[in-house]
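Asks: I'd like to go over a predicted model; first the sequence, then the structure.
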Amino acid sequence: MNTSEEIFRERFLPLYPRLFAAANAILGNRDDAADAVQDAMVKIWNRANELQAIASPIGFALQLVKTSAIDILRQRRLNAVKQPDFVEPAAEPAAEPDTSDFMRRAIATLPAGQQEAIRLSAFAGMDSDDIAETMGLSKVNVRQLLSRGRRKLREIYQKNM
C-alpha cells in the first residue's frame, strides 16, 4: 500500500508544470502563479488521507489552483485603486495594437469568465475540454465564452487600428 506521501509524489507533483501554466494563464503573473500553485499543493498535502480516493488528480488539482488564482485576483482588486477598465492605446504610444501588452490590457477588459477562458486557451495552450474541466463548465459554455471573448477582442483591436 502506498503512503500518502508516495501518492502525493507520484500523482500530484508531476502535475506542477501544467498547474503552473494554468495559474499563469489566469493571473498573467509568474510570481502570483507560483503562489497559487504552492497554495494548491499545500491544500492537497493537507488532505493526504483522502488522496487515494481521488479519481482524477489533474481535475482535482486544477480546481484547487483555479480557486487559489481567483482568490489572488480578488485580493488584487481589493488592493488596487479603481482604474479605468481600458486605457485607449492611442493615448500611450508604447501600446500598439500588434503588441502583447495591448492584448493583455484588452483581455483585462473582458468579463472574468471570458478572461479566464481566453487566457487558458491562448497562454496555457489548453483545448476546450481541458478548459471546461479547469473552469468546471460544460464544453458548450467554454465555446461560448471563447467566442464572445474573441469577438470583443476583435472589436477592441479594430477600434484601435
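Replies: Ah, there it is. Because the structure is predicted, anything quoted here is derived from the model rather than measured. Numbers count the residues shown, from 1 in each chain.

Asks: okay, CA-based contacts and neighbour counts for the rest of this
Replies: Will do.

Asks: ok, for the residue nearest in space to the middle of the chain, nearest residue in space, not its chain neighbours?
Replies: When CA atoms, centre = their mean is applied to the chain, the residue found nearest the centroid is residue 26 (2.2 Å). Distance criterion CA to CA, 6 or more residues apart in numbering; nearest residue to residue 26, sequence neighbours excluded, is residue 116 at 5.4 Å.

Asks: Quick check: the one you found touching residue 24?
Replies: No. Residue 116 is beyond contact range of residue 24, at 10.4 Å (criterion: CA atoms under 8 Å).

Asks: Can you give me the domain boundaries for the chain?
Replies: Taking automatic domain parsing as the criterion, the chain consists of the domains 1-82, 89-161.

Asks: List of residues touching the lengthiest helix in the chain?
Replies: Using DSSP state H to define each element, the chain has its longest helix at helix 57-79. Residues from elsewhere that reach helix 57-79, judged by CA atoms under 8 Å, 6 or more residues apart in numbering: 11-12, 15, 19, 22-23, 26-27, 32-33, 36-37, 39-41, 43-44, 54, 133-136.

Asks: In helices, which of those appear?
Replies: 19, 22-23, 26-27, 32-33, 36-37, 39-41, 43-44, 133-135.
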